[in-house]
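> Next input, structure requested:
(2 chains)
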2 protein chains.
Amino acid sequence: MRVVNPKKQITVGILGLGVVGSGMVRVLTENAADIARKVGLPVVIKRVAVRDLSKSRDVEIDPALLTDRPEDVIDDPEIDILCELIGGVEPAHGYVLRAIQSGKNIVTANKEMMAKAGHDLLHEAEDRKLDFNFEGSVGGGIPIIQPLKQALAANHFTEVMGIVNGTTNYILSKMTAEDADFGDVLAEAQAHGYAEPDPTNDIEGYDAQYKTAILSSIAFTSRVLPESIYVEGITKISRRDIAVARDLGYVVKIVGIGQDLGEALQVRVHPVLLPKGHPLASVNDVYNAIYLKGSAVGDVMFYGRGAGSLPTGSAVVGDIMEIARNIVHGATGHIGCTCYDQKPTLSIDRLRTKYYIRLIAHDRPKVLASLASVFGDFNVSIESVVQRALPGGDAEIVWITHQTLEANLRSALDVIQRLHIVSGIENWIRVEE
Amino acid sequence: MRVVNPKKQITVGILGLGVVGSGMVRVLTENAADIARKVGLPVVIKRVAVRDLSKSRDVEIDPALLTDRPEDVIDDPEIDILCELIGGVEPAHGYVLRAIQSGKNIVTANKEMMAKAGHDLLHEAEDRKLDFNFEGSVGGGIPIIQPLKQALAANHFTEVMGIVNGTTNYILSKMTAEDADFGDVLAEAQAHGYAEPDPTNDIEGYDAQYKTAILSSIAFTSRVLPESIYVEGITKISRRDIAVARDLGYVVKIVGIGQDLGEALQVRVHPVLLPKGHPLASVNDVYNAIYLKGSAVGDVMFYGRGAGSLPTGSAVVGDIMEIARNIVHGATGHIGCTCYDQKPTLSIDRLRTKYYIRLIAHDRPKVLASLASVFGDFNVSIESVVQRALPGGDAEIVWITHQTLEANLRSALDVIQRLHIVSGIENWIRVEE
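Residues are numbered from 1 along each chain as shown, chains lettered A, B, ... in the order given. Model prediction:
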């Protein structure tokens, strides 16, 4: 590789040396020779800002590089690439903005910041002909943002569906494999470090919400903010739902789904029943996968480890290498924000899909007919129904609907749950094909 | 996107308007506005060389653009990007070389040319600071070459395993799903256009050989020529092998496998038994998938349509867009050939893996012991054995070995097939974990 640049090395500054920061430092230092060969110049860490200088680290790093003053990194004029690995919106966002304004290229793995403020940050960078990469913010080490912006750029995407949260995929996979209850598996996941002590962010779907906002914005070249995304977590999923779904040929997963319906987008995070043959149905444990439908490529899927120190470190260092090459060749800033459009997003009421409904009703003649008649009143047509007698005179009735409008389904369920013949609606889950 | 280049448009010339050429023209013309927005300038087709001007085409194209003289495209000084979609080594290779020498960037989907002569072509382009992209040569529309060279560039890969031929995956999937014979499914695939009238190139593994050479060269940053790859097709696979494998928890696939063993590589194409839970095991029909093990990212897989007009067109146009952006920003030629190393490849005799062996022997006492003793003589240790009585006094015996050296296994089978108690070795297939 001939070097046309007078620089002797590419200099990286890092904010944050937690799980991702440690992994990224390890990847960068262990592969230094190979990286230099591929980039054309050595890529060197100049400064790392940490909160607590005295804390012991998972990775070997020269203590002289550490500082507890972020401005030592942000304001260092010799740093070419600022790597933000703190997480959360502030102070990360302020640091990144200041770094861009002082001429630094940016790499980040911060999903929340990118989902909420990525659009403006990308434009700030683009205006200054700087690179801004964020591959690690979705899918850990799985290449997805770069392929969408580059190799697949000739496609118009109509759908993106992703298993983008490893914790909830682990919990649902374990519940399925071991016929176990949510609470037990969550406790086990916490013991193994696969779930946080406060698991809200994962199990309520907020982590997936940020990632789905980023994926949809890129896939549909239209800005999708997290607040426009309907979100439902996995806490209501029972082992019984999983067993019933299995008997019907489905697997229960939680996915982020974005659809481009032409004039508007529909973007949502919630549990779904997926047919066993769906490419995402066999993605288990902590693995992530992102599945897309493109106008030219057809369906395509990317699979791998969606989190963790080294996988996310792989994405971050890949981003650094791309920018470093661009610096060597004087070509930074040539792919900026790709949100050209401003399509509205539809509310969840406007969703048209199939539904699984599991309810308990009195096991008496004509109960099924009465319930079916309510569904009919709201234009909800039924694809299949399975009734099973329970001890004590009740029956479990499981319905799969045809495609129907969610507003209609919700109205029908409102009426049904007030019927005296119904003991309760145990759960209802959207069904994807 | 601010444009720093005085050019008004990026000009593409095409050699070949067959299946891939037609798809690529369709993708480029139907998405012209979106492509111009992403690239920063319009991307325009200037000239297309075809063999037969009078032939009717699957795609609408201005007849004035067509020529039957390749030199009208190759030598046109206004063409920025030459797109070679003829296939085969010559004359394609000569055309591409001449185009590079006259200063054109190159896009190709030609697996045979890239496997056999890609190294030198890439260096020719690099020396002139030109781009040379070939995403469509492996995996159709699946992004794999670009992610390996960019997003995953921080990884050292130890293994790449791919289902890279749609025809043979279709045949094996159908044989599995329908308990059908190879010959019947092949005939059906030919009737559907999924297999060529002369299917040799697919069913004997030669197509996969070229793709595996390209993938291994990039994954291991070391040049792998097709002739160093052991190749075995699927013609020996019977419905019985597939049924027995299923009972043992395996699926039969044909894969290209490259392994970096440190000092040397081992690269091969052959049928394998894959455990049902392996990510490649559920890749069916004409789909392709490429699975890799990276030092940082762990295991990662890319899945999609491995062939066809629009999917491959998607890859070709993605390549064109990347080069067009580089032209706009004056930055072509910054990723060239990545084969820095020259590792030797080991012969198949040196392979260490597990094996499935199915043979027919006389159903008499001590036969199993005699056979096991021969395996033992050659250091082949047995993980499991299943014996089933057949009508007529014979027995089918199926063995799964532990990891063993292929040379030893072959020697053991040589002895076994000459034993008078053995009617025949029906098949033996490598087993991957």
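
> all contacts plus neighbour counts: C-alpha atoms, from now on.
Fine.

> what sits against A:Asp181?
A:175, A:238-239 (Cα atoms under 8 Å, 6 or more residues apart in numbering or on different chains).

> Can you add neighbour count and distance to B:Gly103 and give the residues you listed back as a markdown table?
Output for these, formatted as a markdown table (neighbours: other Cα atoms under 10 Å in any protein chain shown; distance: Cα to Cα, whole Å):
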| residue | neighbour count | distance to B:Gly103 |
| --- | --- | --- |
| A:Met175 | 24 | 59 |
| A:Ser238 | 19 | 64 |
| A:Arg239 | 17 | 64 |
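
> okay, now A:Val385: neighbour count?
Neighbourhood size, A:Val385 [other Cα atoms under 10 Å in any protein chain shown]: 15.

> ok so, going back, pick the one among the contacts of A:Asp181 closest to chain B.
A:Met175 (17.1 Å; Cα to the nearest Cα).

> Packing partners of the stretch of helix or strand the closest one belongs to?
In the assignment (DSSP states H and E), A:Met175 maps to helix A:166-178. Using 3 or more Cα pairs under 8 Å, 6 or more residues apart in numbering or on different chains; DSSP states H and E, the elements in contact with helix A:166-178 are helix A:182-192, helix A:200-203, helix A:239-247, strand A:250-260, strand A:287-294.

> How far off centre is the helix or strand that comes right after the last one?
Counting by DSSP H and E, the element after strand A:287-294 in chain order, helix or strand, is strand A:298-305. Between the centre of strand A:298-305 and the centre of its chain there are 13 Å (Cα atoms, centre = their mean, to the nearest Å).

> Strand A:298-305 pairs with which strands?
strand A:287-294 (antiparallel), strand B:298-305 (antiparallel) (DSSP bridges).

> In CSV, list those along with mean pLDDT, mean neighbour count and distance to A:Leu122.
Shown next, in CSV, are these (pLDDT from 0 to 100; neighbours: other Cα atoms under 10 Å in any protein chain shown; distance: least, Cα to Cα, whole Å):
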stretch, mean pLDDT, mean neighbour count, distance to A:Leu122
strand A:287-294, 98, 24, 23
strand B:298-305, 97, 24, 27
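
> now for these, which one comes closest to A:Leu28?
For the strands paired with strand A:298-305, the distance to A:Leu28 is smallest for strand B:298-305, at 15.8 Å, taking Cα to Cα.

> quick one: average confidence on the following helix or strand past that closest one?
Once strand B:298-305 ends, the next helix or strand along the chain (criterion: DSSP H and E) is helix B:309-328. Helix B:309-328 carries an average pLDDT of 96.

> elements contacting helix B:309-328?
So helix B:309-328, by 3+ Cα pairs under 8 Å, 6+ apart, packs with helix B:19-30, helix B:32-39, strand B:105-108.

> Out of those, which one sits most buried?
When the helices and strands packed on helix B:309-328 are scored by mean count of other Cα atoms under 10 Å in any protein chain shown, the highest mean neighbour count falls to strand B:105-108 (a mean of 28).

> Adjacent strands (with direction) for that strand?
For strand B:105-108, pairing defined by DSSP bridges yields strand B:81-84 (parallel), strand B:132-133 (parallel).

> Now it: average pLDDT?
98.

> swap in stretch A:384-399?
pLDDT averaged over stretch A:384-399 gives 94.

> Does the residue at the greatest distance from the centre of chain A lie in a helix or a strand, and which?
No residue in chain A sits farther from the centre than A:Pro365, which is 46.4 Å out by Cα atoms, centre = their mean. Under DSSP H and E, no helix or strand contains A:Pro365.

> Can you give me the pLDDT of it?
86.

> Could you report the distance from it to chain B?
From A:Pro365 across to chain B, the span is 41 Å (Cα to the nearest Cα, to the nearest Å).

> on that earlier part again, distance to B:Asn201 added to the helices and strands packed on helix B:309-328, as TSV?
Converted to TSV, the helices and strands packed on helix B:309-328 look like this (distance: least, Cα to Cα, whole Å):
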stretch	distance to B:Asn201
helix B:19-30	17
helix B:32-39	35
strand B:105-108	20
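
> Tell me where the model's unsure across chain A.
A:1-5 (pLDDT under 70).

> Let's have the helices and strands packed on helix A:166-178 in a markdown table, adding distance to A:Ala92.
A markdown table is the format used below for the helices and strands packed on helix A:166-178 (distance: least, Cα to Cα, whole Å):
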| stretch | distance to A:Ala92 |
| --- | --- |
| helix A:182-192 | 27 |
| helix A:200-203 | 19 |
| helix A:239-247 | 40 |
| strand A:250-260 | 25 |
| strand A:287-294 | 26 |
